[in-house]
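> no FASTA, just this:
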């Protein structure tokens, strides 16, 4: 199971994937691309990025770079504890995990099962987070994702059940020995069961016990800053693996946004759309793009790294 499987999965669920000498990139939004696999740190050549802007309708690129490179300081949540168990979990999280284990049964589930039962959990989670994602909110697109998960090697799913009712589930994808947790959704009326805690704990324990998985990624830190989510993952026993977010904008977009005019434009929009998730994301992307302009010294040998190499 390698990055080619993940590329196939992304294309099957409707993403566009483009390729350059530095690797694959997929559209996280219209004309904005991010490098894959999620945990690989890269330092692409300037000519490589310029070619992507020339050859494709790309307005921006985002990737993870080495901690001593350019960009905004951030991290990936990683578990590499081969003996992961309750002792790995922070003492303030253990009681919640125990409650979840007492209330729930956690087991692998098929994508066919998720297609038929998980859409209400998607809608609950999106509502709690104040966002909309057609992939998880619309039945046709959700069925498409589940079909891809069922057919493409590397995709796995687990669920937490409270009295036979699906309370939470997660989807992960294994790439080159690293299991990447991509999505986790849960029912609002069953949050008190601590199903999310039990689910994350059991899945982490079982994956780290597998001979073909050397590490688990619980995703990148949010560019908007979500301290509660950070605390949750760290207390589950995940370490903060340092890296830098790098955003490179198309020259025309860069000249529009990375100056006083761009600051004024974003400030003006914020007065009219203060609660819009998309505006927060744009502001975060522009902030990273500003920091990405400043190059920093790099030590040799860190141009590319994976968590399974550490």
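Perfect, thanks for sending it. Note that the structure is predicted; figures quoted are calculated from it, not measured. Numbers count the residues shown, from 1 in each chain.
> my read: residue 222 touches residue 229, true?
Yes. Because the distance of 6.8 Å satisfies Cβ atoms under 8 Å, residue 222 is recorded as touching residue 229. The way it works is simple: take the backbone N, C-alpha and C, and place the C-beta from them, glycine included.
> all helices for the stretch 51-200 of the chain, in order.
For the stretch 51-200 of the chain, helices defined by DSSP state H, counting those that start in this stretch occupy the ranges 91-103, 111-117, 119-129, 134-137, 139-151, 195-208.
> Tell me which of those helices is the most buried.
Ranked by average neighbour count under the criterion mean count of other Cβ atoms under 10 Å, the helices of the stretch 51-200 of the chain are headed by helix 195-208 at a mean of 23.
> Report how many residues lie close to the spatially closest residue to residue 175 that is not a sequence neighbour.
Excluding the flanking residues, the one nearest residue 175 by Cβ to Cβ, 6 or more residues apart in numbering is residue 37, at 4.6 Å. Residues contacting residue 37 under the criterion other Cβ atoms under 10 Å number 20.
> Quick one: residues contacting residue 37.
For residue 37, the residues meeting the contact criterion (Cβ atoms under 8 Å, 6 or more residues apart in numbering) are 3, 6, 175-176, 178, 180, 306.
> pLDDT score assigned to it?
According to the prediction, residue 37 has pLDDT 91.
> re earlier: could you export the helices of the stretch 51-200 of the chain as JSON lines, including distance to residue 285 and mean pLDDT?
Formatted as JSON lines, the entries for the helices of the stretch 51-200 of the chain read as follows, by distance: least, Cβ to Cβ, whole Å; pLDDT from 0 to 100:
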{"stretch": "helix 91-103", "distance to residue 285": "32", "mean pLDDT": "97"}
{"stretch": "helix 111-117", "distance to residue 285": "31", "mean pLDDT": "98"}
{"stretch": "helix 119-129", "distance to residue 285": "18", "mean pLDDT": "95"}
{"stretch": "helix 134-137", "distance to residue 285": "20", "mean pLDDT": "95"}
{"stretch": "helix 139-151", "distance to residue 285": "24", "mean pLDDT": "97"}
{"stretch": "helix 195-208", "distance to residue 285": "28", "mean pLDDT": "98"}
